[in-house]
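Undergrad: give me the fold of what follows.
(chains A and B)
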Amino acid sequence: MKSKRSNPPVWLQRLIPVLLVLLLMALLATLVLVGLSVVGLIPGA
Amino acid sequence: MHYIPVLSTLVTFAFASAVFRRYLLRRGPHLLMWTIGLLWYGLGTLAEVILGLTFSGLVLKLWYLSGAMLTAAWLGQGTVHLLIRRRGVAWTLTGILTAVSLLAATLILLAPLTPAAASYSVTQAISSQYKGILTRGGLTIALTILLNLYGTIMLVGGAIYSAYIFWRKRVLFNRMIGNVLIAAGALAPAMAGSFVKLGLADVLYLSELVGVILMYVGFLQATTVPATATAPAAAD
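TA: Numbers count the residues shown, from 1 in each chain, chains lettered A, B, ... in the order given. I've put the predicted structure just below:
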């Protein structure tokens, strides 16, 4: 595979890791909510 | 009549058609799994359209089976085929998912409806009414949770992981952005499902539309060959 190096704007290069962290936190929050519903702390699925 | 599920259905089937056309060209099994996942997604939103017009027990069951149980899992299975290259692992997991899906379909088809079905209102979202109408046993609820956990972790986690790899290597910018959009789009209905659990049922329809649009744009972004690219990469 030959791949081309990207050359995005600097602000976007800085924004991407922030977005990834936010998405990861949202994923974890969703999983926590599911977990809470499993143990009955919030209404079930 | 809710109009948002109509839009979601049109976008989702257009998306499924685009992914399947790519499968016919590239033959990657991940594209076939994503097509199956998107068909479940579209059947779920189509069921919402029908349930916004009239009540049908069979359509309600189809809505629950497709939207609540199978969509996330089959979309996530596409990512499993994309990211797990070890021979046999992805297909073994596909076999298990197929068996679990058949079990889920059997459980839902056999699940009895309660007398509350008679008081079903087409003006309210199905997500706010189904619990009182569809009888779900412990195994059905357990499978719903497991399938959604599996699918969400694989699809969203896989997209975040892919985007991170592209970012770290500073390559294939379009795929990095595409994966960020796919992760955000997949999270939208997953988070809305959690909001439904908390009693905010109306959020679901909007999140499904936003989710499928984000994923479609992400897919288009990730599969568009940049003018300066020299060759396609593996993760398509």
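Undergrad: so who does the closest residue to residue B:6 other than its chain neighbours touch?
TA: Spatial nearest neighbour of residue B:6, excluding adjacent residues (Cβ to Cβ, 6 or more residues apart in numbering or on different chains): residue B:49 at 5.4 Å. Yep, even glycine has a C-beta here, placed from its N, CA and C like the rest. Counting by Cβ atoms under 8 Å, 6 or more residues apart in numbering or on different chains, residue B:49 makes contact with B:2, B:5-6, B:9.
Undergrad: among those, which two are most distant?
TA: Distance extremes for the contacts of residue B:49: the farthest pair is B:2 and B:9 at 11.0 Å, using Cβ to Cβ.
Undergrad: re the thing from before, how close does the residue nearest to residue B:6 get to chain A?
TA: Distance of residue B:49 to chain A, computed by Cβ to the nearest Cβ, to the nearest Å: 23 Å.
Undergrad: in a helix, that residue, correct?
TA: Yes: according to DSSP: H, G, I helix; E, B strand; the rest coil, residue B:49 belongs to a helix.
Undergrad: where's it relative to residue B:91, distance?
TA: 34 Å (Cβ to Cβ, to the nearest Å).
Undergrad: contact partners for residue B:146?
TA: Residues residue B:100 are the ones in contact with residue B:146 under the rule Cβ under 8 Å, 6+ apart.
Undergrad: beyond the helix or strand hosting it, next helix or strand please.
TA: Per DSSP states H and E: residue B:146 is located in helix B:138-169. Toward the C-terminus, helix B:138-169 is succeeded by helix B:173-197 as the next helix or strand (DSSP H and E).
Undergrad: give me phi/psi at residue B:54?
TA: phi -160, psi 170 (degrees, to the nearest 10).
Undergrad: any regions of chain B where pLDDT drops low?
TA: B:1, B:196-202, B:226-236 (pLDDT under 70).
Undergrad: count of residues packed around whichever residue of it sits closest to chain A?
TA: Nearest to chain A in chain B, going by Cβ to the nearest Cβ, is residue B:173, at a distance of 3.3 Å. If you count neighbours by other Cβ atoms under 10 Å in any protein chain shown, residue B:173 ends up with 22.
Undergrad: cool, and residue B:110?
TA: 11.
Undergrad: repeat that for residue B:83.
TA: Residue B:83: 18 neighbours (other Cβ under 10 Å).
Undergrad: now the helices for chain A?
TA: A:10-38 (DSSP state H).
Undergrad: report the residue spans of it with pLDDT below the cut-off.
TA: For chain A (pLDDT under 70), the answer is A:1-6, A:38-45.
Undergrad: now residue B:83: closest residue in space, sequence neighbours ignored.
TA: In this structure, residue B:83 finds its nearest non-sequential neighbour in residue B:158, 5.3 Å apart by Cβ to Cβ, 6+ apart.
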